[in-house]
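Peer 1: Quick one, what's the 3D model for this:
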Amino acid sequence: MRERVGAAAVPLAAFGVTVCVGVAGFVALTGISVVDAAFWLLDPTSLELYFERHSGPERTTKVFAVVVFVALVLAGIWVGESALDAAFDGRLGRELTRMQTQRAIDDLRGHVVICGHGMFGRTVANRLREQGRDVVVVERDDEERERMADDAPVVGGDARREEVLERAGVARADAVVAGIDDSNANIQIGVATSQLAPEATLVVRVGDEMYESTARRVGADTVVIPEVVSGSDLVADL
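Peer 2: Numbers count the residues shown, from 1 in each chain. Have a look, this model is predicted:
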């Protein structure tokens, strides 16, 4: 909370600097008092009234006024957003980020949904992105989602729940990878995916060969057993 309050001080300082620059500029351009210059910031129409009765650099002053007023509006918006973000302990910023991410996901077609961003899911996601494929990650762990930063669009939640998969755009995806370190959870993800996106290629990770037939029955096109794959790769390299 203290960090967020501190962050709000930056836009407040920017607003204050803008006010000071505006007042100083009006004083320098027209020679009016500091009080009158400050009043111009509150009531821009006073500037018009001034030049009806006084001579001076009217055009330059008006251009300067427009710049200052625009800067004040932008700084005021910044202050307001920062104050709200601090008041809601960052939840406003997180919600805005979530909405932006969801809009980006809603525009995707033919992407790959990866459920779980552990070592397996992360490796798959990185390889796909290197190939130029669009990837959406479903991850329930808050810390892992924060560590992902801007790596790929991420949906928070349990991938076994249909509404979470729907937020990931599973119905528009080319493929779904159930890559959690839990065979039963991955099979449940397979069941949900088969209902929501029967045309999508389904890859299911399991930890033991005994789960392979079950994964096939729920619709898995490919069943991956990491230990078997890594062992085969090792033998191939010997």
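Peer 1: so where do the helices sit in this protein?
Peer 2: 2-30, 34-42, 45-53, 58-87, 91-106, 119-130, 142-148, 162-167, 183-196, 212-217, 226-237 (DSSP state H).
Peer 1: I'd like to know which of the ones you listed is closest to residue 177.
Peer 2: helix 119-130 (5.7 Å; CB to CB). Where C-beta positions appear, they are placed from N, C-alpha and C, glycine not excepted.
Peer 1: List the buried residues of the closest one.
Peer 2: Neighbour counts over helix 119-130 (16 or more other CB atoms under 10 Å) mark 120-122, 124-125, 128 as buried.
Peer 1: same for that helix, what does it pack against?
Peer 2: Packing contacts for helix 119-130, counted by 3 or more CB pairs under 8 Å, 6 or more residues apart in numbering; DSSP states H and E, involve strand 112-115, strand 135-139.
Peer 1: and the closest residue to residue 116 other than its chain neighbours, how many neighbours?
Peer 2: Residue nearest to residue 116 in three dimensions, not counting chain neighbours: residue 180, with 3.8 Å by CB to CB, 6 or more residues apart in numbering. Residue 180 is flanked by 26 other residues according to other CB atoms under 10 Å.
Peer 1: What of residue 141?
Peer 2: As a measure of burial, residue 141 has 12 neighbours, counting by other CB under 10 Å.
Peer 1: mind checking how far the most centrally placed residue in the chain is from residue 51?
Peer 2: In the chain, the C-alpha nearest the mean C-alpha coordinate belongs to residue 97, at 3.7 Å (CA atoms, centre = their mean). In this view, residue 97 and residue 51 are 46 Å apart by CB to CB, to the nearest Å.
Peer 1: and if you look at residue 130?
Peer 2: For residue 130 relative to residue 51 (CB to CB), the value is 63 Å.
Peer 1: now do residue 37
Peer 2: 14 Å.
Peer 1: Next: residue 194.
Peer 2: 74 Å.
Peer 1: Likewise for residue 14?
Peer 2: Distance from residue 14 to residue 51, by CB to CB: 29 Å.
Peer 1: Kindly report the same for residue 9.
Peer 2: For residue 9, the distance to residue 51 - CB to CB - is 37 Å.
Peer 1: Next: residue 172.
Peer 2: For residue 172, the distance to residue 51 - CB to CB - is 60 Å.
Peer 1: same deal with residue 38?
Peer 2: In terms of CB to CB, residue 38 sits 18 Å off from residue 51.
Peer 1: Show me what counts as buried in stretch 187-201.
Peer 2: For stretch 187-201, using 16+ other CB under 10 Å, the buried residues are 187-190, 192-194, 196-197, 200.
Peer 1: My guess is residue 56 contacts residue 29. True?
Peer 2: Yes. Contact status for residue 56 versus residue 29: in contact at 7.2 Å, counting by CB atoms under 8 Å.
Peer 1: between the two, who's got more neighbours?
Peer 2: Neighbour count, other CB under 10 Å: between residue 56 and residue 29, residue 29 has more, with 17 against 13.
Peer 1: got a list of what the closest residue to the more buried one other than its chain neighbours touches?
Peer 2: Nearest-residue entry for residue 29: residue 61, 4.8 Å, with adjacent residues in sequence omitted and distances by CB to CB, 6+ apart. Residues in contact with residue 61, defined by CB atoms under 8 Å, 6 or more residues apart in numbering, are 26, 29-30, 47, 51.
Peer 1: Centre of this structure to the edge, which residue is at the far end?
Peer 2: residue 53 (53.1 Å).
Peer 1: Alright, calling it a day.
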